[in-house]
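1. Let me see the structure of the following:
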Amino acid sequence: MTDYFSVLSGWLIPIKRAMDEWDIDFNSTLADCGIKTSDFKDPESRISAERVSQLIEYCNHLKERHDFAITVAENFHPGTFHILGYAMMASNNLYDAFKRVERYKKVVSNTCSIKIEEGPRVYKLVLTPFLYESTNRPVLSRNSIIIFIATLVKFARECSSHNFRPQEVNLNWSNTENMFYFLSDFFNCPVNFDQDEISFSCDTAILKEPLLGGNPLITQSHEKMLNEFVSRLDKNDVVQIVRNSIHDMLPLGTPTQTDVAKQIGMSLRNLQRKLSEQDACYRDLLEETRKKLALEYITQGHLSLSEVGYLVGFSNIGIYFNKY
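-> Sure thing, here's the model as predicted:
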């Protein structure tokens, strides 16, 4: 893992709003923390994660408070997550939205991993910060972690039809001198410190309730844009490049691995080797992409089953779903 970790410049949107609330000058403070104001104008620029952490600490210190992270989260805007934010807003339910965060996390930052652990009654979202190789120090500061988790909760409250709250929040640090007293009020649930992981858990039934703005047509177009965005971020991510190619080629029939290799300008042997290096299998990628698209198309009432079958490269979609 590289020692350069970055976050999307969209985080400056809620940070600026929070600074306005706290009566902190945006331009001079960014300059003090070594962040260029031009980054605020470019939605695809990346900012050093370390600089952003310093900015959060700077604002807390300036006002002699500890809760700037919560003010940032309260000012959530879809543009914070670029295309991902708008795809989340149009998701069928919170589960789908959080799964998109899990899959496209690198759009937002390369500072941590996100994993959803699924149970019969409770789903848990686990955040694991990466470490600097040179020092073994977590990339994300405690306040940066709070911002990310609180932003997801704020998003859920904005999009769902009820006052969303997690069942519990787990943090892997101590609440020294009750410094994080404000977290229980914001999350409106138990906040547990000194845990083995960073996570929050939710009732499965609530996560599966339809969102007010759910729109599968919009999310499909957003996902295509997300796939292209991720490919630009990491041109060495062959798995993502293959997924994109399969997505584009399916309406013309089921693409073979040779077809995909030709489209992306690789030899078949080279493609097979690169997929193997990433512990990926072409057949699995084909089936995952096809199934995901088919399930999304089926939610669109204007498409017949035969049309769905055509769009995912099958003449009979019923036979396909009988396998699952």
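2. phi, psi of the residue most central in space within the chain?
-> Centroid check for the chain by C-alpha atoms, centre = their mean gives V101 as the closest residue, at 2.4 Å. Note on V101: backbone dihedrals following degrees, to the nearest 10 are phi -60, psi -40.
3. Tell me, what's the model's pLDDT at H66?
-> pLDDT, H66: 94.
4. ok, it to L286 distance?
-> From H66 across to L286, the span is 50 Å (C-beta to C-beta, to the nearest Å). For glycine as for every other residue, the C-beta is placed from the backbone atoms N, C-alpha and C.
5. How about the contacts made by the residue nearest to the centre of the chain?
-> 81, 84, 88, 108, 114, 152 (C-beta atoms under 8 Å, 6 or more residues apart in numbering).
6. would you turn these into CSV with distance to E307, secondary structure and neighbour count?
-> Below are the contacts of V101 laid out as CSV (distance: C-beta to C-beta, whole Å; DSSP: H, G, I helix; E, B strand; the rest coil; neighbours: other C-beta atoms under 10 Å):
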residue, distance to E307, secondary structure, neighbour count
F81, 31, helix, 27
L84, 28, helix, 27
M88, 27, helix, 26
V108, 34, helix, 21
I114, 34, strand, 19
L152, 35, helix, 24
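7. Would you mind putting these into CSV with distance to T258 alongside?
-> Shown next, in CSV, are the contacts of V101 (distance: C-beta to C-beta, whole Å):
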residue, distance to T258
F81, 36
L84, 32
M88, 36
V108, 35
I114, 34
L152, 41
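8. what residue ranges in the stretch 201-324 of the chain score low on pLDDT?
-> Scanning the stretch 201-324 of the chain for pLDDT under 70 picks out 234-237, 299-303, 310, 314-324.
9. residue ranges of the helices in it, please?
-> 204-207, 216-233, 238-249, 257-263, 268-277, 282-298, 305-311, 317-321 (DSSP state H, counting those that start in this stretch).
10. How about L140: what's its closest non-neighbour residue?
-> Using C-beta to C-beta, 6 or more residues apart in numbering and skipping residues adjacent in sequence, the residue nearest L140 is P129, 4.2 Å away.
11. Where does pLDDT dip in the stretch 1-150 of the chain?
-> Along the stretch 1-150 of the chain, the parts satisfying pLDDT under 70 run over 1-4.
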